[in-house]
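# sequence first, then the predicted structure:
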Amino acid sequence: MGVTREQLAEIFVHAGVKKSVVDGLQADVPLTKQGLDSVDYPAILVAIKDMLGIEIGDKEACELKTLVDFEKRLSK
């Protein structure tokens with residue numbers, strides 16, 4: 001089962017990322033170049049665990065730079 005872009009957007013908003021930022025995210029551009037910062041990442045990881053029950057380790061989290069990266073990881 002893969003995660004949809006809509007589910008991923010919902011997770012990001014749940015994590016505290018502004019909906020206006022989430023709505024404008026491009027799939028293959030690094031999230032840090034689109035308005036997200038280092039504070040957003042831990043919140044996103046917590047939201048993923050809360051909403052999907054998937055825990056992502058620190059090393060693996062460092063490799064998640066784009067929406068596509070998150071989609072691929074959450075579709076494993």
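Received, thanks. Residues are numbered from 1 along each chain as shown.

# can you give me the helices in this structure?
Remark: helices assigned in the chain by DSSP state H are 5-14, 19-23, 40-52, 58-61, 67-74.

# would you list these in a markdown table and tack on mean neighbour count, mean pLDDT and distance to Pro30?
Heads up, the C-betas are built off the backbone N, CA and C, glycines and all. Output for the helices of the chain, formatted as a markdown table (neighbours: other C-beta atoms under 10 Å; pLDDT from 0 to 100; distance: least, C-beta to C-beta, whole Å):
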| stretch | mean neighbour count | mean pLDDT | distance to Pro30 |
| --- | --- | --- | --- |
| helix 5-14 | 16 | 95 | 14 |
| helix 19-23 | 12 | 95 | 14 |
| helix 40-52 | 17 | 95 | 12 |
| helix 58-61 | 10 | 92 | 14 |
| helix 67-74 | 17 | 94 | 9 |
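
# nearest to Thr32, out of those helices?
helix 40-52 (8.9 Å; C-beta to C-beta).

# what helices or strands is that closest one leaning on?
helix 5-14 (3 or more C-beta pairs under 8 Å, 6 or more residues apart in numbering; DSSP states H and E).

# helices and strands around the helix it packs on, which ones?
Using 3+ C-beta pairs under 8 Å, 6+ apart, helix 5-14 sits against helix 19-23, helix 40-52, helix 67-74.

# how far off helix 5-14 does the last one point, in degrees?
On the basis of axes from the mean of the first three to the mean of the last three C-alpha atoms, to 10 degrees, helix 67-74 is oriented at 100 degrees to helix 5-14.

# how about the helices and strands packed on helix 5-14 in TSV, adding distance to Thr32?
Listed next are the helices and strands packed on helix 5-14 as TSV, based on distance: least, C-beta to C-beta, whole Å:
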stretch	distance to Thr32
helix 19-23	12
helix 40-52	9
helix 67-74	12
